[in-house]
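>>> 3D, please:
(one chain, ligands or ions: 1)
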Amino acid sequence: MDEPANDTLLPYEWPGSYYLGQEELDAVTKALESRSLFRFYGHDLQHYADRLEEAYRARLGREYALAVSSGTAALSIAMGMLDVGPGDEVLLPGYFWVSCASAVVRAGAIPRLVDIDDTFSMDPADLERKLGGHSKAILMVHMSGATGELDRVLEIARRAGVPVIEDVAQANGGSYRGRPLGSFGEVAIFSFQFNKAITAGEGGLVACDDRALYRRAVALHDLGYPRTDSGRLDAGDPETQLWGFGSRIGELTAGVLMAQERKLDALVSRMRLLKRRIEDGLAGVADLRPRRATDPDGGNGSFVILIWPDQLACRSIVHATREAGVRTGEHGLNNLTLEEWGLHLYYNNESLVNRRGLNSRGYPWRDPANAFAADYAYARGTLPQADELFSRSSLLAIPPSLSEDAADRIVDVYRDAARRHGLAVGS
Ligand SMILES: Cc1ncc(COP(=O)(O)O)c(C=O)c1O
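Now for the predicted structure:
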């Protein structure tokens, strides 16, 4: 691995990217040499996409996995699999990524915001309050490496008869009470975009256990129809005569991901170890607590979220630690207050706050089938628990390539900044 070019304490951004090596190079070379870059047929197809899907089926213990072009595409496909459309709402937490909301709107449905709790995931009590006759799906987003009250969310969903989509984009390789994240919901989606635990720059995946749902996913991710064994489009089955998103994965991307997938468990072990070390090191800072873990061993370890006593402490301590070198570079996003975390916070999504439509007719917001949602709100103030947590929490990314020494020095810098701010710091 090349050493990063700068000398800050947190020099590594984009976790998986540092582990792009000979294995990925070999896969890409082989795909090029075979002149077979399309996943469904070619001169001498290497079947990288098939092999990546096989690896994820085994990893997740699921019946079906489908590699796609991105996590955003995977979310749209998930909506299509579950027949989400006008007249429906999809419940999602206020700590998310813009793609979570856009997939719902693109489906012609309405996003319904659910508050978060101190796990930084959906608050089951608020979910229960908000579930209603229009609720078509629950999007449980495992943010910043870990899930929250997953058992309770699954139980509420089961009782209401509403399917759960797990968004595992930020928690790839994580687990919950002994089972991999992505093995719980009716549908699960993943992203392999550059910031993720493993990456090919772009890429995504959809997983499920139901054959009919899978066949819909295959048709939706392609041109609207499934394919025959020889890779030709098969328009003969009325159940899967759909409209496609054009979101196939290519063999170059799949080859890189196949090689990266083999490294995922080692990367996750490393991130978990470093995360624990940093959280343990900060345990003596009075009135500081990490995000609540519903499974302390389960997250993929990619982020520490710190909840400070108040907004001033949060802002000034993060600022001081950045000044002292805990940063990726001039503009790095590895050590920041959550307030700076852009489109991960519901109220920063202007298209959502302003109910922007997909076209000049304001669809789907102005569709009569969606009149039920006329008073749904999206501006800051809609989710009081989320607002309060965002205002005094910070986020520290844990690159697997960090040394233990550097992790200890980051702890020292944080402890020092907390002490200077006036917090009691014990051993
Ligand atoms: C929670 C979450 N969902 C979905 C996505 C979308 O993934 P992609 O960037 O591959 O479209 C991302 C990542 O960027 C994400 O963080």
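
>>> out of all of them, which strand in the protein is the longest?
strand 135-141 (DSSP state E).

>>> and that one, which strands flank it?
Strand 135-141 pairs in its sheet with strand 89-93 (parallel), strand 164-167 (parallel), by DSSP bridges.

>>> okay if I get these as JSON lines plus distance to the ligand?
For the C-beta atoms, the positions are set from N, CA and C on the backbone; glycine is no exception. Output for the strands paired with strand 135-141, formatted as JSON lines (distance: least, CB to the nearest ligand atom, whole Å):
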{"stretch": "strand 89-93", "distance to the ligand": "10"}
{"stretch": "strand 164-167", "distance to the ligand": "5"}
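
>>> so which of these comes closest to residue 241?
When these are compared by CB to CB, strand 164-167 sits nearest residue 241, at 23.5 Å.

>>> now the stretch 51-200 of the chain, which segments are flagged as low pLDDT?
Scanning the stretch 51-200 of the chain for pLDDT under 70 picks out no residues.

>>> and the residue of it nearest the ligand?
In the stretch 51-200 of the chain, the residue that lies nearest the ligand is residue 71 (2.4 Å; CB to the nearest ligand atom).

>>> which helices and strands does the helix or strand following the longest strand of the chain pack with?
Next in sequence after strand 135-141, counting helices and strands by DSSP states H and E, comes helix 150-160. Contact partners of helix 150-160 among helices and strands, from 3 or more CB pairs under 8 Å, 6 or more residues apart in numbering; DSSP states H and E: helix 124-130, strand 135-141, strand 164-167.

>>> export these to CSV and tack on mean neighbour count?
Listed next are the helices and strands packed on helix 150-160 as CSV, based on neighbours: other CB atoms under 10 Å:
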stretch, mean neighbour count
helix 124-130, 18
strand 135-141, 25
strand 164-167, 26
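
>>> Just tell me which of these ends up closest to residue 269.
strand 164-167 (21.8 Å).

>>> hmm, back to that, just checking, the residue of the stretch 51-200 of the chain closest to the ligand touches residue 190?
Yes - between residue 71 and residue 190 there is a contact under CB atoms under 8 Å: 6.5 Å.

>>> Return every residue with contacts to both of the two.
Common contacts of residue 71 and residue 190 (CB atoms under 8 Å, 6 or more residues apart in numbering): 169, 204.

>>> Flag the shaky bits of the stretch 301-427 of the chain, pLDDT-wise.
If you take pLDDT under 70 as the line, the stretch 301-427 of the chain has these spans: 329-332.

>>> Which residue comes closest to the residue of the stretch 51-200 of the chain closest to the ligand once chain neighbours are left out?
residue 191 (2.7 Å; CB to CB, 6 or more residues apart in numbering).

>>> That neighbour: neighbour count?
Using other CB atoms under 10 Å, residue 191 has 27 other residues around it.

>>> For the closest residue to the ligand within the stretch 301-427 of the chain, give its distance to residue 170.
Of all residues in the stretch 301-427 of the chain, residue 344 sits closest to the ligand, at 7.5 Å by CB to the nearest ligand atom. Residue 344 sits at a distance of 9 Å from residue 170 (criterion: CB to CB, to the nearest Å).

>>> shared neighbours, the two?
In contact with both residue 344 and residue 170: 97, 143, using CB under 8 Å, 6+ apart.

>>> Between those two, which has more neighbouring residues?
Neighbours around residue 344 and residue 170, counted as other CB under 10 Å, are more numerous at residue 170. The numbers are 26 against 22.

>>> Report the contact partners of the residue of the stretch 301-427 of the chain closest to the ligand.
Counting by CB under 8 Å, 6+ apart, residue 344 has contacts 95-97, 143, 338.

>>> how many other residues sit next to the closest residue to residue 9 other than its chain neighbours?
Spatial nearest neighbour of residue 9, chain neighbours left out: residue 325 (4.3 Å); criterion: CB to CB, 6+ apart. Residue 325 is flanked by 17 other residues according to other CB under 10 Å.

>>> With the one 10 residues further on instead?
Here the neighbour count serves as a burial measure; for residue 335 (other CB under 10 Å) it reads 25.

>>> picking up where we left off before, for the contacts of residue 344, could you give me a markdown table that also reports distance to residue 318, secondary structure and neighbour count?
Below are the contacts of residue 344 laid out as a markdown table (distance: CB to CB, whole Å; DSSP: H, G, I helix; E, B strand; the rest coil; neighbours: other CB atoms under 10 Å):
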| residue | distance to residue 318 | secondary structure | neighbour count |
| --- | --- | --- | --- |
| 95 | 18 | strand | 27 |
| 96 | 22 | coil | 26 |
| 97 | 21 | coil | 21 |
| 143 | 19 | helix | 26 |
| 338 | 10 | helix | 23 |
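
>>> of these, list those near the ligand.
Subset of these in contact with the ligand: residue 97, counting by CB under 6 Å from any ligand atom.

>>> farthest-separated two in the contacts of residue 344?
Farthest apart among the contacts of residue 344 - using CB to CB - are 97 and 338, which lie 13.6 Å from each other.

>>> before we move on, the earlier item: got a list of what the residue nearest to residue 71 touches?
Residue 191 touches 70-72, 74, 169-170, 172, 203-204, counting by CB under 8 Å, 6+ apart.

>>> Give me the phi and psi for it.
phi -130, psi 140 (degrees, to the nearest 10).
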